[in-house]
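**Q** prediction below, plus the sequence it came from.
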Amino acid sequence: MTPALDILDRFERLGWKGNDPMSQMLELRREQPTILGELVTLFLDRALPTNTFIDAALDLMDDDTYSQLVGHAWQRVRQGERSRALIEILEGAALQLPSLFHDDWELVLQLSVESHVKFHQPFLQAWRELDEETVLDWCRHFEDFASLAERDRDRAIAILLSRHEPSARKALSLLSTDPDDDVQDLLLVAGYALDDGVLRSLHNEAPHHIRFDSRQWRLMQAQQPEWIREIRDNQASWQPAATNGSAVVMGGVAAHPCGLCHQPLHRLLRIAEPRNLGIACETDLELATCLSCETWEEDILFFRHDRDGRPIPHPSQQRKEAQTSRFPAEPLLEAEAHLFAAPRRWERQDWGASNNRQNLSRVGGAPSWVQTPSYPDCPDCEKPMPFIAQFDSGLPQSDESEWLWGSGGCSYAFWCPDCRISAHFWQCT
Ligand SMILES: [Zn+2]
Ligand SMILES: [Zn+2]
């Protein structure tokens, strides 16, 4: 019996009782990383519900093995086979390798209907790879309908999510005629604002992961169980292949005090030349918040930025008398981290699917929402603010404790380039 078969036999017999398939999978990877492809393929042959050790194996798989595996799963689904495990693997591919679906977008549409996928599901992420030829073909189809048939409505949603202009705009106007559709929700899922009839993107497509410095990393790893440490040590979103990234200062306190509790603001990240990262800002940009007040005392904290890019609390959030915060917090550990272009496979990430194994702390790209998508309106120009960064829980603080956003969620940063205003809030489960 092969080692991969042995793991699955034991799992089928015992489950997790007196059995540790996660450790067995990790041991297998240490000996022969490519065998993880065989493990998951064999898993698909059995009618087993999906499991965390399989999810972890997928996160650890090298790109070639992953590409072969999802290609195999896609062929099986194209031949009519259906199982929860197969569909879940393809949902993962919608995030990590959406080009997989190039040969049959109609089937993706069919699967979306079958699995009742509508909003906020990773499967929707596949549409960003929808090719222009199919978009135009589907758009031609629309002309024949006075009102949208059910399948055409799904096609229009797919085209909106493909972000191909001007077809996305056309799809939006078709969807807007349907009173049953919540077009506003769809727009936010697609990452768009509608300004005077023009679609404006609310995020860029150039995500950069934060690579933490050695002291941050040691503390972050110390907070995790051994098996998570091993996964993170070998997972591409934490461990970029490139050796040079741009340096960023993290942690410590900022120059100005919080407008609510009057304690020093907590620095998240200071970025030199943010324009190089696709952020519309001509000066340096310092992102800071008040860990004690963000979302606890005000849903969203807003800051105006001075000529050096330093944040000053927005006048609407400056109190004469200091508020006592219910949860006073230490600043984040001061550190010199680096930003690396996210590997192609990890450009889009789902907060739930990451499950603590992937690095979600990023500058740019599309946000990984914990809850429903939400872009704040700029307090000065009142337009929705583009997303520019997210920070996951587990960041080390100056007293070496672990910072959690609420119960362990994620904080999001936004930037209005016209008004030079940043905004911060977090979501958790
Ligand atoms: Zn505060
Ligand atoms: Zn503004």
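**A** Yep, it's here. Ligands and ions are numbered 1, 2, ... in the order given.
**Q** contacts for the helix of greatest length in the chain?
**A** Identified as the longest helix of the chain according to DSSP state H is helix 63-78. Helix 63-78 has contacts (C-beta atoms under 8 Å, 6 or more residues apart in numbering) with 33-34, 36-37, 40-41, 44, 58, 61, 86-87, 89-90, 92-93, 96-97, 100-101, 104, 107, 111, 345. Backbone N, C-alpha and C define where each C-beta goes, glycine included.
**Q** keep only those of these that are in helices.
**A** Among the contacts of helix 63-78, the members falling in helices (DSSP H) are 36-37, 40-41, 44, 58, 86-87, 89-90, 92-93, 96, 107, 111.
**Q** follow-up on the earlier one: pLDDT (mean, whole number) over the longest helix of the chain?
**A** Averaging pLDDT along helix 63-78 yields 97.
**Q** what does stretch 205-223 give?
**A** Stretch 205-223 comes out at a mean pLDDT of 96.
**Q** run the chain-centre distance for that stretch.
**A** 16 Å (C-alpha atoms, centre = their mean, to the nearest Å).
**Q** can you check stretch 91-100 too?
**A** Using C-alpha atoms, centre = their mean, the offset of stretch 91-100 from its chain centre is 14 Å.
**Q** can you give me the end-to-end distance of that stretch?
**A** Length of stretch 91-100, first residue to last, C-alpha to C-alpha, to the nearest Å: 11 Å.
**Q** next, count neighbours for residue 259.
**A** 24 (other C-beta atoms under 10 Å).
**Q** ok, of the ones in helices among the contacts of helix 63-78, which come out buried?
**A** Among the ones in helices among the contacts of helix 63-78, those classed as buried by 16 or more other C-beta atoms under 10 Å are 36-37, 40, 44, 58, 86-87, 89-90, 92-93, 96, 111.
**Q** would JSON lines of those with distance to ligand 2 and pLDDT be doable?
**A** Converted to JSON lines, those look like this (distance: C-beta to the ion, whole Å; pLDDT from 0 to 100):
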{"residue": "36", "distance to ligand 2": "47", "pLDDT": "96"}
{"residue": "37", "distance to ligand 2": "48", "pLDDT": "96"}
{"residue": "40", "distance to ligand 2": "47", "pLDDT": "96"}
{"residue": "44", "distance to ligand 2": "49", "pLDDT": "94"}
{"residue": "58", "distance to ligand 2": "41", "pLDDT": "97"}
{"residue": "86", "distance to ligand 2": "46", "pLDDT": "92"}
{"residue": "87", "distance to ligand 2": "42", "pLDDT": "90"}
{"residue": "89", "distance to ligand 2": "42", "pLDDT": "93"}
{"residue": "90", "distance to ligand 2": "40", "pLDDT": "94"}
{"residue": "92", "distance to ligand 2": "37", "pLDDT": "93"}
{"residue": "93", "distance to ligand 2": "38", "pLDDT": "96"}
{"residue": "96", "distance to ligand 2": "34", "pLDDT": "96"}
{"residue": "111", "distance to ligand 2": "40", "pLDDT": "87"}
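**Q** up against ligand 1, what does this structure have?
**A** Residues of the chain that fall close to ligand 1, judged by C-beta under 5 Å from the ion: 258, 260-261, 290, 292-293.
**Q** okay, helices next: where are they in the chain?
**A** 3-14, 21-31, 35-44, 52-60, 63-78, 84-96, 105-114, 132-142, 150-162, 167-176, 183-190, 214-222, 226-233, 351-354.
**Q** residues of stretch 35-53 that come out buried?
**A** For stretch 35-53, by 16+ other C-beta under 10 Å, it's 35-40, 43-44, 48, 50-51, 53.
**Q** before I go, just wanted to say thanks for your time.
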